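> build the 3D model from these lines:
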Amino acid sequence: MKYKFFPQCLILITFLSFHIIGHTRILFVSDRDWNSEIYVMDIDGNNPRNLTNNPKTDINPSWSPDKQQIVFQRSSNAKGGGKDKKGGGNNDIYVMDKEGKNLRQLTDHPSDDRHPTWSPDGKQIAFISNRDGGKASAIYVMDTVGNNLRRLTNDVKFTWIDSPDWSPDGKQIVFTSMVINKDAKKKSSEIYVINVDGKNPRQVAKNPKLTWTESPKWSPDGRQFVFTGQAEIKGENIYLIDVNGKNLRQLTNHLDGNSKPVWSPNGRQIIFSSDRTGNYEVYMMDSNGENLRNLTNHPAPDYQPSWFTPSTLSVSPTDNLRTHTWGQVKKTTNLVDD
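Residues are numbered from 1 along each chain as shown. The predicted structure follows:
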């Protein structure tokens with residue numbers, strides 16, 4: 001049996017493709033107004049606009065799974081930063097809607113709360129904090145209103161945890177942790193994975209070629225991590241590795257900083273920040289490292305991108321048109337025998 005594919009099908013596919021592309025947005029942080037603020041732009045880098053505008057430092061934004069909210073880190077300090085900005089003063093976790101309105105503070109603690117990220121089901125937020133005392137940080141998980149807080153990592157070997165990211169199925173979290181060698185003269189950062197119940201922490205792989213790793217992100221299919229890796233003589237670059245720790249591949253090859261990689265929802269592209277021109281900008285490349293192009297070009301630093309693509313069947317003014325078009329497709333698409 002086979003399908004008769006009529007022009008109406010092509011019309012529908014074309015329409016939905018333009019709908020998705022036209023509504024794809026990328027969050028990023030910029031110091032364009034001399035202070036770190038959260039911006040949003042189209043997928044081609046056009047139409048940038050700021051969602052936050054205040055004297056404090058707003059960084060590390062992350063979309064909610066339903067794309068209606070943005071969780072981020074706000075510092076009491078009012079300074080710009082650059083791509084590795086941790087935020088001076090005290091850092092807490094905030095949520096706002098996708099238009100930058102309805103701001104809510106989720107944490108209020110004298111210790112730093114950093115790097116928030118949504119769970120795939122949208123019910124929890126993981127973040128980094130040193131609120132239990134000492135210099136070591138840990139991963140914490142809370143619900144989306146800031147309640148039901150629990151500590152996830154308790155192993156003393158994790159001395160400085162950073163960059164948590166949920167697996168697509170919501171069962172694990174990948175992160176980096178500083179490791180101090182036995183001679184205490186060298187420090188390195190390695191990639192680890194832990195179950196969401198805090199059990200079974202394990203190292204992904206230790207690669208002698210890399211002295212530092214950060215910002216691992218799970219691929220949409222759950223098979224790979226993209227991350228920032230630093231070699232002794234090659235600077236920061238973007239790498240891929242399978243979740244079993246095998247098949248390490250280098251995607252960028254530049255002496256200047258390449259950092260904060262993020263997957264596109266379909267896993268075909270990666271966006272990241274780089275200062276290869278002497279100023280941090282947001283770039284996009286294919287997932288094999290090819291077809292590099294810059295999305296921002298501004299005198300101020302642009303960094304920490306986060307990708308947003310809405311559901312194709314989300315509510316919009318075009319619902320009636322989609323319903324009508326799909327009805328026509330069903331009428332004109334028939335199953336016929338070979």
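
> which residues are in contact with Gln68?
97-98 (C-beta atoms under 8 Å, 6 or more residues apart in numbering). The C-beta positions use only the backbone N, C-alpha and C, and glycine is treated the same way.

> could you give the backbone dihedrals for it?
Torsion angles at Gln68 (phi, psi; degrees, to the nearest 10) stand at phi -100, psi -20.

> if I look at it, how far off is Lys101?
Per C-beta to C-beta, to the nearest Å, Gln68 is found 11 Å from Lys101.

> cool, Ile194 as well?
Look at Ile194 and Lys101: by C-beta to C-beta, they are 35 Å apart.

> the two: who's more crowded?
Ile194 (21 against 8; other C-beta atoms under 10 Å).

> nearest residue to that one in space, please, no chain neighbours.
Leaving aside its sequence neighbours, Ile194 sits nearest to Pro201 (C-beta to C-beta, 6 or more residues apart in numbering; 4.3 Å).

> so what's the residue count around that neighbour?
By other C-beta under 10 Å, the residues close to Pro201 number 19.

> identify the residues contacting it.
Neighbouring residues of Pro201 by C-beta under 8 Å, 6+ apart: 153, 155, 158, 192-194.

> which among these count as buried?
153, 158, 192-194 (16 or more other C-beta atoms under 10 Å).

> dump those residues to a markdown table, plus distance to Pro120, secondary structure and pLDDT.
Converted to a markdown table, the buried ones among the contacts of Pro201 look like this (distance: C-beta to C-beta, whole Å; DSSP: H, G, I helix; E, B strand; the rest coil; pLDDT from 0 to 100):
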| residue | distance to Pro120 | secondary structure | pLDDT |
| --- | --- | --- | --- |
| Thr153 | 20 | coil | 91 |
| Phe158 | 23 | coil | 81 |
| Tyr192 | 19 | strand | 95 |
| Val193 | 15 | strand | 96 |
| Ile194 | 16 | strand | 96 |
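
> just these now: which is nearest Asp44?
Looking at the buried ones among the contacts of Pro201 and their distance to Asp44, the nearest is Val193, at 34.5 Å (C-beta to C-beta).

> bridging residues for that closest one?
Val174, Arg202 (DSSP bridges).

> is it true that it touches Ser177?
No. The pair Val193 / Ser177 is not scored as a contact, 11.0 Å apart, by C-beta atoms under 8 Å.

> could you list the low-pLDDT ranges of the stretch 51-200 of the chain?
Along the stretch 51-200 of the chain, the parts satisfying pLDDT under 70 run over 77-88, 134-135, 179-186.

> strands along that one, start to end?
57-63, 69-75, 91-97, 104-105, 113-118, 124-129, 138-143, 150-151, 161-166, 172-180, 187-195 (DSSP state E, counting those that start in this stretch).

> I'd like those strands as a markdown table, with distance to Trp307 appended.
Listed next are those as a markdown table, based on distance: least, C-beta to C-beta, whole Å:
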| stretch | distance to Trp307 |
| --- | --- |
| strand 57-63 | 8 |
| strand 69-75 | 12 |
| strand 91-97 | 18 |
| strand 104-105 | 23 |
| strand 113-118 | 13 |
| strand 124-129 | 18 |
| strand 138-143 | 23 |
| strand 150-151 | 28 |
| strand 161-166 | 13 |
| strand 172-180 | 17 |
| strand 187-195 | 21 |
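
> and Ala138, how many neighbours?
Counted with other C-beta under 10 Å, Ala138 comes out at 21.

> correction: Gly235
16.

> wait, doesn't it sit right on Thr252?
No. At 9.6 Å, Gly235 does not count as touching Thr252 under the criterion of C-beta under 8 Å.

> between these two, what contacts are shared?
By C-beta under 8 Å, 6+ apart, the residues touching both Gly235 and Thr252 are Asn258.

> what comes up buried for the helix or strand harbouring Ile38?
Ile38 is located in strand 37-42, with elements delineated by DSSP states H and E. Buried positions in strand 37-42, judged by neighbour count with 16+ other C-beta under 10 Å: 37-41.

> try stretch 261-278
261-264, 269-276.

> then stretch 210-220?
Result for stretch 210-220 [16+ other C-beta under 10 Å]: buried residues 210, 212-219.

> CA atoms of that stretch as CSV?
Extracted in CSV, the C-alpha atoms of stretch 210-220 (Å, rounded to 0.1, in the frame of the first residue of the first chain):
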residue,chain,number,x,y,z
LEU,A,210,41.4,18.1,28.3
THR,A,211,42.4,19.9,31.5
TRP,A,212,39.0,21.5,32.1
THR,A,213,35.4,20.8,31.1
GLU,A,214,32.2,22.8,31.7
SER,A,215,28.6,23.4,30.5
PRO,A,216,27.6,19.9,29.4
LYS,A,217,24.3,19.7,27.6
TRP,A,218,22.4,16.5,26.9
SER,A,219,21.4,16.0,23.2
PRO,A,220,17.7,15.8,22.5
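
> quick check, distance from that stretch to the centre of its chain.
Computed by C-alpha atoms, centre = their mean, to the nearest Å, the chain-centroid distance of stretch 210-220 equals 11 Å.

> again with stretch 37-51
For stretch 37-51, the distance to the chain centre is 16 Å (C-alpha atoms, centre = their mean).

> end to end on that stretch, go ahead and measure it.
7 Å (C-alpha to C-alpha, to the nearest Å).

> just to revisit the earlier point, the contacts of Pro201 into a markdown table, with extra columns for distance to Ala205?
Output for those, formatted as a markdown table (distance: C-beta to C-beta, whole Å):
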| residue | distance to Ala205 |
| --- | --- |
| Thr153 | 19 |
| Asp155 | 18 |
| Phe158 | 17 |
| Tyr192 | 10 |
| Val193 | 11 |
| Ile194 | 15 |
